[in-house]
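*Asks:* Coordinates only, no sequence provided:
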């Protein structure tokens, strides 16, 4: 009988540990995350042979930076929202071509339309890691000072695109 009394607390502890481990491994996330951290001060090469940096903002106001790739199906699915953001906020939507060839990225944009003011290149993925990328597509809103103020860690939808638009309106380019 005493063995069962010892087993009860051990069983409760094991169940609690399993539930805690599940929560740690699969946290619930919303459509977007408010963050206050610095954007990477990396200097990226661009598709047009220039250079760009996102900290501080290249426009003097808030910008959206969308990391995408031609090989990414969800990137294609969210593209209409990126196009709409670009039309509503001209000059404030930038792209980062993540782990992709320039020619493939150009074909993708020729087919779907180019919503980006400028496109940075991240062929080895290091820039994405510095942003905190977990997988394409992801979109970051960066303040004039170079702080990431909003992070959408999944393909855009109507709701998340609206939040990005609101963040861009809070600090338009100079």
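*Replies:* That came through fine. Please read these numbers as outputs of a predicted model, since none were measured by experiment.
*Asks:* show me where the protein has strands.
*Replies:* Assigned by DSSP state E, the strands in the chain fall at 37-38, 43-45, 51-53, 63-68, 93-98, 119-122, 138-142, 147-152.
*Asks:* Just send these back as CSV, with distance to residue 128 and mean neighbour count too.
*Replies:* C-beta: built from backbone N, CA, C; applies to glycine. Compiled in CSV, these are given as follows (distance: least, CB to CB, whole Å; neighbours: other CB atoms under 10 Å):
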stretch, distance to residue 128, mean neighbour count
strand 37-38, 15, 13
strand 43-45, 11, 15
strand 51-53, 15, 15
strand 63-68, 6, 26
strand 93-98, 5, 26
strand 119-122, 5, 22
strand 138-142, 8, 26
strand 147-152, 13, 20
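*Asks:* Minimum distance to residue 107: which of those has it?
*Replies:* Among the strands of the chain, the nearest to residue 107 by CB to CB is strand 93-98 (11.5 Å).
*Asks:* Give me the angle between that closest one and strand 138-142.
*Replies:* With axes from the mean of the first three to the mean of the last three CA atoms, to 10 degrees defining the directions, strand 93-98 sits at 130 degrees from strand 138-142.
*Asks:* Indicate each strand paired with strand 93-98 and its parallel or antiparallel sense.
*Replies:* Using DSSP bridges, the strands paired with strand 93-98 are strand 63-68 (parallel), strand 119-122 (parallel).
*Asks:* contact partners of that strand?
*Replies:* 44, 47, 52, 54, 58, 63-70, 82, 85-86, 105, 115-122, 125, 127-128, 131, 133, 136 (CB atoms under 8 Å, 6 or more residues apart in numbering).
*Asks:* now stretch 125-134
*Replies:* 37, 39-40, 42, 44, 65, 67, 96, 98-99, 120, 122, 136, 138, 140, 148, 151, 153.
*Asks:* got the end-to-end distance for it?
*Replies:* The separation between the terminal residues of stretch 125-134, taken as CA to CA, to the nearest Å, is 11 Å.
*Asks:* Tell me which residues of that stretch come out buried.
*Replies:* Judged by neighbour count using 16 or more other CB atoms under 10 Å, the buried positions of stretch 125-134 are 127, 128, 130, 131, 132, 133.
*Asks:* JSON lines please, covering these and showing distance to residue 164.
*Replies:* Output for those, formatted as JSON lines (distance: CB to CB, whole Å):
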{"residue": "127", "distance to residue 164": "20"}
{"residue": "128", "distance to residue 164": "18"}
{"residue": "130", "distance to residue 164": "20"}
{"residue": "131", "distance to residue 164": "15"}
{"residue": "132", "distance to residue 164": "16"}
{"residue": "133", "distance to residue 164": "16"}
